[in-house]
Every structure is written in structure tokens, then in C-alpha cells.
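**Q** quick one, what's the 3D model for this:
(one chain, ligands or ions: 1)
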Amino acid sequence: MPNESKVHGFATRAIHYGYDPLKYHGALNPPVFLSSTYGFDRSETGSDRFAGKAEGYVYSRVGNPTVSILESRLAALEEGEAALATSSGMGALTAVIWTLLRSGDEIVADKMLYGCTFGLLEHHIGRFGIGVQFVDLTDPANLRAAIGPRTRMVLTETPSNPNMRLVDIAAIAEICLTSGVLLVVDNTYCTPYLQRPLTLGADIVIHSATKYLGGHGDLLAGAVIASRELVDQFRFVGIKELNGACISAFDAFLVLRGLKTLNLRMDRHCATAQRLAHDLEAHPMVARVYYPGLDSHLQRALALRQMSAMGGMIALELKGGLAAGRAFMDGVRVATRAVSLGDAETLIQHPASMTHATYDQEERARHGFTDGLIRLSVGLEDYEDLRDDLISALDGLPR
Ligand code: 7XF
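**A** Below is the predicted model of the structure:
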């Protein structure tokens, strides 16, 4: 881009930021640098690069030119200083956790998290001496009460996967700031197009770029966006020496391609989800729809303040609970029965037995989502086809 000092709009940044074709033979798309290692002109150059005294690539676990373009673009979109791209969302999360925490530290986490994030915190991290408190962060007062001398990090998603609770990022960030605790927000559901946690006071944003950022269900990737100082630590300690979860250059290229249409896709996901949420809510077989664009959403006012549009994810409960939910899932023809989210295809799944099977029954009850909850990732198909598909599957349920 000719003049990056001028701040361009979101779509322009998503298409151009950090890449100048004229530096690469005019190639419209960035080259995919399929190279694990990099030659040095002299041995001293290599030593200087390893010592951090000279700029330049040494090995693709730590840096790759294609990946660097993606990283600068993600930082520009999230309005952060720097970014680190990773091999998956879980790679991003663990790069942050292993880098910042040590035995004896504690994380305060919202009680509703993606299943494997919960699995890590509830079932595994204790082995390394790190404590976790799960707290309902929808009320910021709960955070104030939970933070103690050992707390180093607060972790939340908003909206939460799968049940669409919202956390007030600015309110939580203020408490974290006064307590000297780092706030990590998983912004996967919103993407920076709908919500930018760093501008609301969060310290670190993580993503599963497998979802909307990539947007086509053809890759796994993740990202961390934060201050340059923190990102350097996540790169040179977290990825380089602790978890090795570096992204491949080819997947970085695919995420860059996906980003070019992020705003268009999100607009469509949001518009269709809004209409489907109303349709579903009006159906007699539906007990409850969780979507922040509905007046019935308990945190509608916060959603309007914090998100620029309401996203493409819907959760619902049917009258008839789990049995009805399973029959509904089996009745759809256009939507695909699959986990993951943010793809062109509408995806429908059952959190309790799939994405969130890491919560056992007692944990599901304690953490506040039901066995009957169904999750819909609204895709880019024609609204009318999706409406007809979902409504006819509901109509086909035994009453
Ligand atoms: O390691 P991944 O790229 O799959 O990302 C992990 C992850 C992190 N944060 C959030 C909010 C996520 O939703 C995910 C992955 N979730 C998928 C889902 O909920 O369908 C994974 C399929 S099991």
C-alpha cells in the first residue's frame, strides 16, 4: 500500500495492509514462502539475528515473510501494535498462557468458554501448578471479588461459545487495569470487524482464525494481537521454545485471502442471522433463541454498545429438549451437521455432545448451558433457502 501512515478504512486495510506488490514483481497476491530456513550472507549475520541484534529471518517457526504480512494486517485490523499468527486457536491460547504464567499463578476465566479452552483450564493446567477460578463475568462485580494476589490473567469470550452471553469488555478491563492483571479476550465470534477489544482496554486478543478470518473452512490457524513487547515474548518464548505452534506459510496465505472479503461476509452473516433469529423465535417448537440482535437477549443494550453488528452465531433450545434438538438437526437439508463456525456453509451442531463435550453433565449445569442447546453458524447461502430448511425441520418435529 503506497501510504500506510494514512489510516484507511477496514476493508482497505483488510485487502492491502502490509503488502506492496511492487516489491514482489508486481504480484497482486503475496508469494507463499515455502521455506523452513533462511541463508545468511556471513556467519556473523546469523549470530546477530539469533541474538536479536539484526532484523531478518532465521527459521520459519519464528518468522516467515508470508506470515509477517498476515501478522501486520491482523494487527492493523484489531488496532493493536503487533500480532503473532499461530497454527490454531488453541496454539494461540497456549502460546499466551505458557509464556505469561508460572506455577502458583492463577487465571480467572469466564464460566462459559469454548470446550477445549475449558478442557485445558479445568482438566489439565492444574498439573502445572496453575490455578483457575471460573466466574460469571457477565457481572463485573464478580471479577472484583475473584481477583486475588495470585491472579495474573483474566480470560473471556464475548459472545460466549456456545450460549451467546456477553461480557462488558470495558468494565472488566478497568478492573484488570486497577488490579495489575492482564485481560485476554477471545474475539473469534466477532472478528475485528464487529468488535475491537484492545480499543476497549483489553491487553491481548486471541483468535481462532480457522473461523471467520479464514472464512472458508479450508484451514486451521490462530492469532494473538497485543503490544509489541508482549507479542515478542509470545513469539520468542511461547512459539519458539514452549509450544511450537507456528502457522504454515500456505495457511497464512489462505487467511490473507479470506480477510479480503471479511467485511462483506460478516455483513451477510449478520443480516441473515438476524432474520433467522426472528423466524426461529416465532416458531411454536422453539423454547428460546439466544442472539444478541433480539430484544429478548438479556444483554441487548451491552451488545449495541460493544458490537457494531450482532454476528452470525445463534443458539437455541427447543421445546422437547435434547430429543427434539437431535431430530431438528437430522431434519435439515441445506445446513450441514458439523462443528466449527464462520464458514460459507451453515453449520449446525449439538454443543453438549460435540464442541463442548469436555464439560460433563454436572459441569454443564454448573457452567450454565443445557443439554438441549443447539448451535447454528449461519452461512452465506440465500436467506430464503435457510429459512425454509430450518422451518421445515421444525415443522417436522413431533408435537
Ligand atoms: O484451535 P482452533 O483453531 O480450532 O480454535 C479454538 C477455538 C478458540 N476459541 C473459540 C471461541 C473457538 O470457537 C475455537 C474453536 N471452536 C470450534 C467450534 O466451536 O466449533 C472447534 C470445533 S471442535
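
**Q** pLDDT value on the residue most central in space within the chain, please?
**A** Against the mean C-alpha coordinate of the chain, by C-alpha atoms, centre = their mean, the closest residue is residue 188 at 1.8 Å. The model reports residue 188 with a pLDDT of 98.

**Q** how many neighbours does residue 319 have?
**A** 14 (other C-beta atoms under 10 Å). From N, CA and C alone the C-beta is placed, and that goes for glycine too.

**Q** what's the answer for residue 59, then?
**A** Residue 59 has 15 neighbouring residues, counting by other C-beta under 10 Å.

**Q** OK, contacts around the closest residue to it other than its chain neighbours?
**A** Spatial nearest neighbour of residue 59, excluding adjacent residues (C-beta to C-beta, 6 or more residues apart in numbering): residue 37 at 5.5 Å. Neighbouring residues of residue 37 by C-beta atoms under 8 Å, 6 or more residues apart in numbering: 58, 59, 60.

**Q** equivalent analysis for residue 214, please.
**A** Residues in contact with residue 214, defined by C-beta under 8 Å, 6+ apart, are 221, 251, 254, 255, 258, 342.

**Q** mind redoing it with 7 Å?
**A** Residues in contact with residue 214 (C-beta atoms under 7 Å, 6 or more residues apart in numbering) are 221, 254, 255, 258.

**Q** give me the pLDDT for the closest residue to the first one other than its chain neighbours.
**A** Computed as C-beta to C-beta, 6+ apart, the closest residue to residue 221 that is not its neighbour in sequence is residue 209, at 3.8 Å. Residue 209 is assigned 99 on the pLDDT scale.

**Q** burial measure for residue 209, as a count.
**A** Neighbours around residue 209, by other C-beta under 10 Å: 32.

**Q** from residue 276, how far off is it?
**A** 25 Å (C-beta to C-beta, to the nearest Å).

**Q** equivalent analysis for residue 186, please.
**A** Distance, residue 186 to residue 276, using C-beta to C-beta: 24 Å.

**Q** repeat that for residue 107.
**A** Per C-beta to C-beta, residue 107 is found 35 Å from residue 276.

**Q** list, one by one, the residues from the chain near the ligand.
**A** Those residues of the chain that sit near the ligand, judged by C-beta under 6 Å from any ligand atom, are 88-90, 114, 117, 157, 161, 186, 188, 208, 210, 220, 222, 339-341, 355.

**Q** out of those, which are buried?
**A** For the residues of the chain next to the ligand, a burial check counting by 16 or more other C-beta atoms under 10 Å picks out 88-90, 114, 117, 157, 161, 186, 188, 208, 210, 220, 222, 340-341, 355.

**Q** in these, find the pair that's most separated.
**A** Spanning the widest gap among those are 157 and 220, at 18.4 Å by C-beta to C-beta.

**Q** now the stretch 151-300 of the chain against the ligand: closest residue?
**A** residue 208 (3.0 Å; C-beta to the nearest ligand atom).

**Q** and the nearest residue to that residue once chain neighbours are set aside, what does it touch?
**A** Distances taken as C-beta to C-beta, 6+ apart put residue 89 closest to residue 208, at 2.8 Å, once the chain neighbours are dropped. For residue 89, the contact set (C-beta under 7 Å, 6+ apart) comprises 188, 206, 207, 208, 210, 222.

**Q** got it, and residue 155?
**A** Counting by C-beta under 7 Å, 6+ apart, residue 155 touches 107, 109, 110, 184.

**Q** give me the number of residues near the first one?
**A** In other words, residue 107. By other C-beta under 10 Å, the residues close to residue 107 number 23.

**Q** and it, that's in a strand?
**A** Yes: residue state for residue 107 (DSSP: H, G, I helix; E, B strand; the rest coil) corresponds to a strand.

**Q** who is it paired with across the strands?
**A** In this structure, residue 107 bridges to residue 132, residue 153 when assessed by DSSP bridges.

**Q** what sits against it?
**A** Contacts of residue 107 (C-beta under 7 Å, 6+ apart): 121, 130, 132, 153, 155.

**Q** ok, so of those residues, who is nearest residue 96?
**A** residue 153 (8.0 Å).

**Q** got a pLDDT number for the closest one?
**A** Residue 153 is assigned 98 on the pLDDT scale.

**Q** who touches it in this structure?
**A** Going by C-beta under 7 Å, 6+ apart, residue 153 touches 100, 101, 107, 181, 182, 184.

**Q** quick one: which of those residues sit in helices?
**A** If you go by DSSP state H, the contacts of residue 153 have residue 100 in helices.

**Q** give me the buried subset of the contacts of residue 153.
**A** Burial by neighbour count, 16+ other C-beta under 10 Å: within the contacts of residue 153 this picks out 100, 101, 107, 181, 182, 184.

**Q** quick one, what contacts the residue lying closest to the fifth one once chain neighbours are set aside?
**A** Read it as residue 182. Excluding its sequence neighbours, the residue lying closest to residue 182 (C-beta to C-beta, 6+ apart) is residue 203, at 4.5 Å. Contact partners of residue 203, counting by C-beta under 7 Å, 6+ apart, are 182, 183, 184, 226.

**Q** repeat for residue 327
**A** The neighbours of residue 327, taking C-beta under 7 Å, 6+ apart as the test, are residue 397.

**Q** circling back to that earlier point, tabulate the contacts of residue 155 (CSV), appending pLDDT and distance to residue 44.
**A** Formatted as CSV, the contacts of residue 155 follow (pLDDT from 0 to 100; distance: C-beta to C-beta, whole Å):
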residue, pLDDT, distance to residue 44
107, 98, 43
109, 98, 46
110, 98, 49
184, 99, 39
